[in-house]
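Colleague: with the input below, show me the fold.
(2 chains)
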Amino acid sequence: MSILEYNGAAIIAMKGRDCVAIASDRRFGIQAQTVSTNFQKIFEMGPRLYIGLPGLATDVQTVHQRLQFRLNLYELRENRRIKPKTFLSMVSNLLYERRFGPYFVEPVIAGLDPKTFEPFIASMDLIGCPMVTDDFVVSGTCSEQMYGMCESVWEPNMDPQELFESISQALLNAVDRDAVSGWGGIVHIIEKDQVTTTELKGRMD
Amino acid sequence: MASTLLAETPRGGFSFENCCRNQFFEQKGIKAPTAYKTGTTIVGLVYKDGVVLGADTRATEDTVVADKNCSKIHYISDNIYCCGAGTAADTEMTTQMISSQLELHRLNTGRTPRVCTANRLLKQMLFRYQGHISAALVLGGVDSTGPHLYSVYPHGSTDKLPYVTMGSGSLAAMAVFERGFKPNMEKEEAKKLVRDAIAAGIFNDLGSGSNVDVCVITKDKVDYIRPFDEANLKGQRQGSYRYKKGTTAVLKTEVKKIPFEVVKKTVRAEPMETV
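Modeller: Reported below is the predicted structural model:
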């Protein structure tokens, strides 16, 4: 059994027209036992910058806290909000520092540039290799199912409502084919002037 | 706790704090996930006026293609570029590290950096980690002594050659090179040979795929052509599989407005008009 399957997770991020969306499942389990159905895996790092952390739950929380620390220092020093691309480097650095004893998380970043509001999505492997794409990124235990769903439903230049439908259906249908993820979903649609957070009704098994 | 705060201040270098815990997991039989590997076909050759580097663009995570269009030709300095194969994070970070060391060296010496310097820095670092940093590199560039091409192996050995191939597709690419290489080729001939070698890797090796990236380095300029050849185009989508609006069942929605940061506010008094 892989260490990433110990707790189970599923995260997708998609790019739309002047918006990005990031979605995750809500299960927290210890192997076969489901412990909680409202576990937070997507964290807000800035008003228009979100990071999704699938993987071992203890590392999800540790990486989030360590990252928040570094980000706070950055924002105090620079006196401005961090750009998504710079944040990507920050996460990559944190993970690569532990190259020979890694954190078991494979982060997904979604956000808009604080000045130009250009959409940005990226993902990383557990030792911090960045991957920036123009369409979608997936991470988690059912990544193969999510790749399949995303390749089918993603189209370029979708508006926020269309993007919401696509990412929600991609997530819900992918986690239905995975035993250790699911139990609901949460989606954040990030636009220039607002963030819409929606809780999805999914199969609770 | 103050001690944990102090531990966070960046000291540089690797941190081994999780090793004990991770070893415990392995003993219990819980396997660690695999990192992105760059499967890869990377090549380099020296031609009449300089160096041509080539690479494919696929990054894999076991057998799943993680990145269909990743960039494997990394910048080291204005006149030196490096292709990387092996563990993707290692090639990325190693080339960035050497690039920054070389920039400091350049500022120190006041001269354009030499390819042999980059080679020496790379091999010394990789040997220090005894092959645990899995980065196999093709380093090429043009400096004041002419065009140079090196291949660097993960354990720290290097070879200085007129043409090299590395990665899982290196055998396919080397076959093409052995057939077609001549010393002092023209630029177009060299680019075509590199493209053919990478294509051989893309079509015959499962770890390589997608497009061909080419980087031509000469004394005066660098031509980074990405993609040089789109060998594999995505098929035309036959239908739209999007869901209609309102399909997804929603439990709760919350809209959070993001207040714009006020930079400047001017209040101007307008005197009232008196008739």
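Colleague: tell me the buried residues in the strand or helix carrying B:T165?
Modeller: B:T165 belongs to strand B:163-166 when elements are defined using DSSP states H and E. By 16 or more other C-beta atoms under 10 Å in any protein chain shown, the buried positions in strand B:163-166 come out as B:Y163, B:V164, B:T165, B:M166. Where you see a C-beta, it was placed from the backbone N, CA and C, and this is true even at glycine.
Colleague: which one of these is nearest A:I121?
Modeller: B:M166 (30.4 Å; C-beta to C-beta).
Colleague: got a list of what the closest one touches?
Modeller: Residues near B:M166 by C-beta atoms under 8 Å, 6 or more residues apart in numbering or on different chains: B:T40, B:I42, B:V43, B:C83, B:A85, B:A136, B:L137, B:V138, B:S151.
Colleague: which of the residues you listed ranks first by neighbour count?
Modeller: Greatest neighbour count in the contacts of B:M166, by other C-beta atoms under 10 Å in any protein chain shown, goes to B:V43: 35 neighbours.
Colleague: now A:S24: how far from chain B?
Modeller: Per C-beta to the nearest C-beta, to the nearest Å, A:S24 is found 15 Å from chain B.
Colleague: partners of the helix or strand that residue falls within in the sheet?
Modeller: Assigned by DSSP H and E, A:S24 belongs to strand A:20-25. Sheet pairing here is set by DSSP bridges, and for strand A:20-25 it gives strand A:10-15 (antiparallel), strand A:185-190 (antiparallel).
Colleague: residues making contact with whichever helix or strand comes after it?
Modeller: Following strand A:20-25 in sequence order, the next helix or strand is strand A:28-30 (DSSP H and E). Contacts to strand A:28-30, defined as C-beta under 8 Å, 6+ apart, come from residues A:Y6, A:N7, A:G8, A:T34, A:V35, A:S36, A:T37, A:F39, A:A57, A:V180.
Colleague: switch to 7 Å and redo it
Modeller: Applying C-beta atoms under 7 Å, 6 or more residues apart in numbering or on different chains, the contact partners of strand A:28-30 are A:N7, A:G8, A:V35, A:S36, A:F39, A:A57, A:V180.
Colleague: contact partners for the nearest residue to the last one once chain neighbours are set aside?
Modeller: Right, the one you point to is A:V180. Spatial nearest neighbour of A:V180, chain neighbours left out: A:G8 (3.0 Å); criterion: C-beta to C-beta, 6 or more residues apart in numbering or on different chains. Shown in contact with A:G8 (C-beta under 7 Å, 6+ apart): A:R27, A:G29, A:T141, A:V180, A:S181.
Colleague: remind me, longest helix of chain A?
Modeller: Assignment by DSSP state H gives helix A:57-78 as the longest helix of chain A.
Colleague: on the strand side of things, show who B:V216 bridges to.
Modeller: Bridge pairing for B:V216 (DSSP bridges) gives the partners B:V52, B:D223.
Colleague: ok, now how distant is A:L49 from chain B?
Modeller: From A:L49 to chain B the distance is 11 Å (C-beta to the nearest C-beta).
Colleague: how about that residue, what does it touch?
Modeller: Counting by C-beta under 7 Å, 6+ apart, A:L49 touches A:P84, A:F87, A:G111.
Colleague: next one: B:I217 from chain A, what distance?
Modeller: 25 Å.
Colleague: check B:N232 too.
Modeller: Computed as C-beta to the nearest C-beta, the B:N232 to chain A distance reads 15 Å.
Colleague: next, the contact list for residue 53, please.
Modeller: Assuming you mean chain A. A:K41, A:F43, A:V60, A:V63, A:H64, A:V105, A:P107.
Colleague: try chain B instead
Modeller: Applying C-beta under 7 Å, 6+ apart to B:L53 gives the contacts B:G44, B:I73, B:Y81, B:C83, B:V138, B:G140, B:C215.
Colleague: let's see that with 10 Å instead.
Modeller: Going by C-beta atoms under 10 Å, 6 or more residues apart in numbering or on different chains, B:L53 touches B:42-45, B:72-73, B:81-83, B:138-141, B:149, B:164, B:194, B:213-217, B:222, B:224.
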